[in-house]
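Asks: Return a 3D structure for these sequence lines:
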Amino acid sequence: MAIEIVTPTTLAIGSKVLSRHGAIVSRLAAIDDLAGLNMLCSDKTGTLTKNKMTIQEDAPTYEPGLNQMDLMKQAALAAKWESPPKDALDTLFLRCHLWCPGIREQLQEFVAAHPQATQIEKDEFYNQRVNDKLQEALSDYESLAFMPFDPRTKRTESTVRQKSTGQIFKVTKGAPHIILALDNDHEKGHRVHEKVTELGADGVRAVTLAVSEPLNDQWVMDAEPEEQDVHPVWHVTGLLTFLDPPRDDTKDTIAKSQVYGVPVRMITGDNILIARKTCKDLAMGDLSRPGWPLIEGPEHLPLLGADGKAPKDLVEKFGSYVKHADGFAQVFPEHKYLVVETFRQLGYKCGMTGDGVNDAPALKRADVGIAVAGATDAARAAADIVLTEEGLSTIILGLEIARVIFARMKSFLTYRIAATLQLLAFFFIAVLAFKPDEYAATTPVPSFDAPNWPSFFSLPVIFLMIITLINDGTLISIGYDNAVPSKYPERWVLPIIFMVAISLGLIACLSSLLLLWWCLSSWQPGSVFQGLGIGGMDYGHIVNVIFLKVAVSDILTLFSSRTAQEFFFQRKPHPVLFGGCVFALCLSTLLSLVWPCSILDNVPVCGLGYGQDRQKIALWVWLYCLVVFIIQDCVKVATWRTIMYFNLFNVNNIVADKASHTEDEQAVLSGDSNTTVVEMQPMINPAPVPAPAGHH
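Replies: Residues are numbered from 1 along each chain as shown. Model prediction:
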């Protein structure tokens with residue numbers, strides 16, 4: 001029952017902590033997956049960048065008589081200009097300050113006149129005036145048909161009619177390589193390509209515009225748009241340039257992520273040059289690689305089969321290509337999905353961050369899908385974790401919290417196994433090996449008590465229930481325990497947990513059996529109890545002594561199991577956990593002292609508070625338990641060191657490579673960051689995730 005209670009409780013507490021820092025968890029198990037994350041894929045626009053684009057003055061034109069405002073008008077015509085903008089790119093063009101000269105000064109005057117104005121009111125003031133000028137500028141045009149942006153076509157298209165002339169033509173805007181393919185003027189295409197390359201080297205993005213020749217002789221006014229049979233002749237008119245700067249914390253987040261053993265790979269539909277520049281600016285990928293950054297295009301990426309499923313030979317054909325790239329550009333949504341799937345089939349626990357509809361399939365397929373602030377409804381619905389605040393630093397916070405929770409879960413399982421082994425092994429051996437009536441027959445047990453000594457040893461069921469309930473109740477507080485996040489991805493290595501738990505349970509079990517033997521032989525001359533001056537014990541008192549010993553040992557075992565390979569005193573427990581354990585120990589001790597003398601399940605019981613000088617027995621049992629606990633903790637540490645020395649279960653597989661961080665990496669971990677919620681301490685991760693062979 002404890003696992004069903006403690007596991008969800010611990011995860012729920014972690015979810016609550018994440019929510020306070022702007023991360024909503026929609027699937028509790030995602031916290032466990034986040035702890036083991038060892039690859040993070042990320043969309044670029046709106047995820048690594050702010051998605052708040054700024055128009056630039058550089059606006060090259062390729063048709064005579066055009067200027068930047070003419071290109072702006074074409075960009076607006078290629079959108080649904082009569083409606084509020086639906087995405088960042090339309091917002092850039094439809095709400096640009098160029099439509100309303102002096103709007104910035106007007107906004108400053110509005111703010112000065114209304115110092116209490118909210119940001120919403122400021123935005124409404126700005127948008128209303130810009131939109132009025134926009135509608136005025138485009139009042140001579142009528143929209144006949146509109147093709148929205150599609151991640152596969154990478155462009156929008158409008159069919160418009162100029163009211164004053166009656167001309168019908170098409171306008172389109174989109175990715176440069178897509179729009180250039182529409183124009184047969186190769187010389188112009190070469191010039192545009194050179195300009196886009198030049199801009200990309202500086203990290204400046206560009207939208208290419210094209211206008212068709214008049215379509216009056218092809219367009220049927222009364223027909224539906226999908227029924228039209230038109231063959232436009234396109235002419236590229238120019239480029240509108242803009243910047244989409246990275247989020248303020250993106251570079252720091254990527255650096256910390258890589259130090260924590262989680263490399264970041266960018267997957268974007270943008271131009272390769274822009275992707276390469278972004279990769280350099282953010283220091284993404286393998287910086288030691290010759291020719292870094294290696295940004296791959298879509299040419300050699302897999303595609304979904306006719307049945308809509310991933311290829312069966314995904315790893316064999318594309319594994320090396322995907323694994324060694326620093327990022328991917330000019331990809332389609334299915335590429336994002338298949339890149340994530342390839343990493344998963346390579347053995348990585350892969351996460352994905354994104355914000356758009358085109359990211360939703362990859363977010364859904366990833367082990368941990370993370371939708372950033374401002375994401376679309378589709379992205380949020382597909383994600384396991386939704387960020388509600390700007391910035392990516394919450395992802396690092398999530399990694400730390402997830403690894404803290406994972407450490408708590410390992411502590412709980414180690415303790416739960418150790419405590420169960422102690423109870424089962426102790427009572428199994430005690431029933432078979434110790435016969436109290438034989439001890440009563442061969443030792444000077446008082447005649448009034450001898451009939452109470454049964455043929456086999458057992459505790460009343462109510463005592464077992466009390467031990468279990470007290471332990472399980474205390475275990476719930478482990479969700480609040482102080483834990484140190486591993487610096488490497490976590491994974492479950494159950495053989496190690498079992499080995500450590502067996503070492504803890506074995507010492508506790510042997511010490512309980514030894515104490516039972518001392519109690520049963522307490523009437524023999526020269527026995528341990530006789531030598532200590534305790535003397536012989538009534539059987540009812542013996543039962544309560546064992547109850548107290550098992551209860552106290554179980555709780556003390558928790559203090560040892562929670563510190564993994566460290567000694568129990570090297571990490572102080574959380575006050576909630578410590579208070580819960582103190583309460584459990586006090587309650588167990590009190591019950592062992594005041595339990596009335598009676599018969600339970602045909603077993604005589606008698607509180608240690610009854611009888612001359614019997615109260616000292618409880619103190620003696622406590623001292624015995626403390627000594628056993630110290631021995632138990634030393635054996636646990638020795639077990640851990642043996643496991644690591646002989647590299648059992650490949651426990652040291654990546655620690656040797658990563659244990660010595662560079663000075664820069666250590667600075668990242670110990671810098672003035674607000675994301676770390678627990679004190680980082682040097683430690684060897686008992687169960688790091690092995691990177692697939694050949695991983696860089």
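
Asks: hey, which helix or strand in this structure has the poorest pLDDT?
Replies: helix 655-658 (a mean of 37; mean pLDDT, DSSP states H and E).

Asks: From the rest of the structure, what touches stretch 444-457?
Replies: The list of residues contacting stretch 444-457 from outside it, by CB atoms under 8 Å, 6 or more residues apart in numbering, reads 430-432, 434-437, 439-441, 516, 520, 523-524, 536, 538-540, 602-604. Where C-beta positions appear, they are placed from N, C-alpha and C, glycine not excepted.

Asks: Stretch 494-502 now?
Replies: Looking at stretch 494-502 with CB under 8 Å, 6+ apart, the contacting residues turn out to be 410, 413-418, 421, 561, 636, 639-640, 643, 648-649, 651, 686-687.

Asks: Show the average pLDDT along that stretch.
Replies: For stretch 494-502, the mean pLDDT works out to 94.

Asks: Flag every buried residue along that stretch.
Replies: Residues of stretch 494-502 classed as buried by neighbour count (16 or more other CB atoms under 10 Å): Ile496, Ile497, Phe498, Met499, Val500, Ala501, Ile502.

Asks: Please confirm that the third one is located within a helix.
Replies: Pointing back at Phe498 there. Yes - counting by DSSP: H, G, I helix; E, B strand; the rest coil, Phe498 falls inside a helix.

Asks: mind checking how far it is from Asn647?
Replies: Using CB to CB, to the nearest Å, we find Phe498 at a distance of 17 Å from Asn647.

Asks: that older thread, out of the contacts of stretch 444-457, which are inside strands?
Replies: Val603, Pro604 (DSSP state E).

Asks: Can you list the residue ranges for helices in the stretch 451-600 of the chain?
Replies: Across the stretch 451-600 of the chain, reading from the start of the chain, the helices by DSSP state H, counting those that start in this stretch fall at 461-475, 494-520, 528-531, 539-561, 575-594.

Asks: do the same with the stretch 251-400 of the chain
Replies: Taking DSSP H, counting those that start in this stretch to define them, one finds helices in the stretch 251-400 of the chain at 272-282, 314-323, 333-345, 360-365, 377-382, 393-433.

Asks: Same list (those) but as TSV, adding distance to Gly580 and mean pLDDT.
Replies: As requested, the helices of the stretch 251-400 of the chain are arranged in TSV below (distance: least, CB to CB, whole Å; pLDDT from 0 to 100):
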stretch	distance to Gly580	mean pLDDT
helix 272-282	45	91
helix 314-323	46	92
helix 333-345	39	94
helix 360-365	39	94
helix 377-382	37	93
helix 393-433	13	91
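
Asks: okay if I get those helices as CSV plus distance to Met39 and mean neighbour count?
Replies: Rendered in CSV, the data for the helices of the stretch 251-400 of the chain read as follows (distance: least, CB to CB, whole Å; neighbours: other CB atoms under 10 Å):
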stretch, distance to Met39, mean neighbour count
helix 272-282, 16, 22
helix 314-323, 9, 17
helix 333-345, 5, 23
helix 360-365, 13, 24
helix 377-382, 18, 19
helix 393-433, 13, 22
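
Asks: of those helices, which approaches Glu57 most closely?
Replies: Among the helices of the stretch 251-400 of the chain, helix 272-282 comes nearest to Glu57, with 18.7 Å by CB to CB.

Asks: which helices and strands does that closest one pack with?
Replies: Judged by 3 or more CB pairs under 8 Å, 6 or more residues apart in numbering; DSSP states H and E, the packing partners of helix 272-282 are helix 186-201, helix 250-259, strand 264-267, strand 295-296, strand 327-328.

Asks: how about those in a markdown table, adding mean pLDDT?
Replies: Compiled in a markdown table, those are given as follows (pLDDT from 0 to 100):
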| stretch | mean pLDDT |
| --- | --- |
| helix 186-201 | 92 |
| helix 250-259 | 92 |
| strand 264-267 | 94 |
| strand 295-296 | 91 |
| strand 327-328 | 94 |
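
Asks: closest to Gln570 out of these?
Replies: helix 250-259 (23.3 Å).

Asks: So what angle separates the directions of that closest one and helix 393-433?
Replies: 30 degrees (axes from the mean of the first three to the mean of the last three CA atoms, to 10 degrees).

Asks: now for helix 250-259, which elements pack on it?
Replies: Under the contact criterion of 3+ CB pairs under 8 Å, 6+ apart, the helices and strands touching helix 250-259 comprise strand 264-267, helix 272-282, helix 393-433, helix 663-670.

Asks: Any chance of those in a markdown table with distance to Ala78 as columns?
Replies: Formatted as a markdown table, the entries for the helices and strands packed on helix 250-259 read as follows, by distance: least, CB to CB, whole Å:
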| stretch | distance to Ala78 |
| --- | --- |
| strand 264-267 | 26 |
| helix 272-282 | 21 |
| helix 393-433 | 35 |
| helix 663-670 | 44 |
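
Asks: Any regions of this structure where pLDDT drops low?
Replies: 1-3, 612-614, 653-696 (pLDDT under 70).

Asks: Try it again at 50.
Replies: For the chain, the stretches flagged by pLDDT under 50 are 654-696.

Asks: Kindly reformat the helices of the stretch 251-400 of the chain as CSV containing distance to Asp248.
Replies: Output for those, formatted as CSV (distance: least, CB to CB, whole Å):
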stretch, distance to Asp248
helix 272-282, 12
helix 314-323, 30
helix 333-345, 25
helix 360-365, 23
helix 377-382, 21
helix 393-433, 9
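
Asks: quick one, what contacts the residue lying closest to Thr278 once chain neighbours are set aside?
Replies: Closest residue to Thr278 in three dimensions, ignoring its sequence neighbours and counting by CB to CB, 6 or more residues apart in numbering: Lys44, at 6.1 Å. If a contact means CB under 8 Å, 6+ apart, then Lys44 has Met266, Ile267, Thr268, Asp270, Ala275, Thr278 as its contacts.
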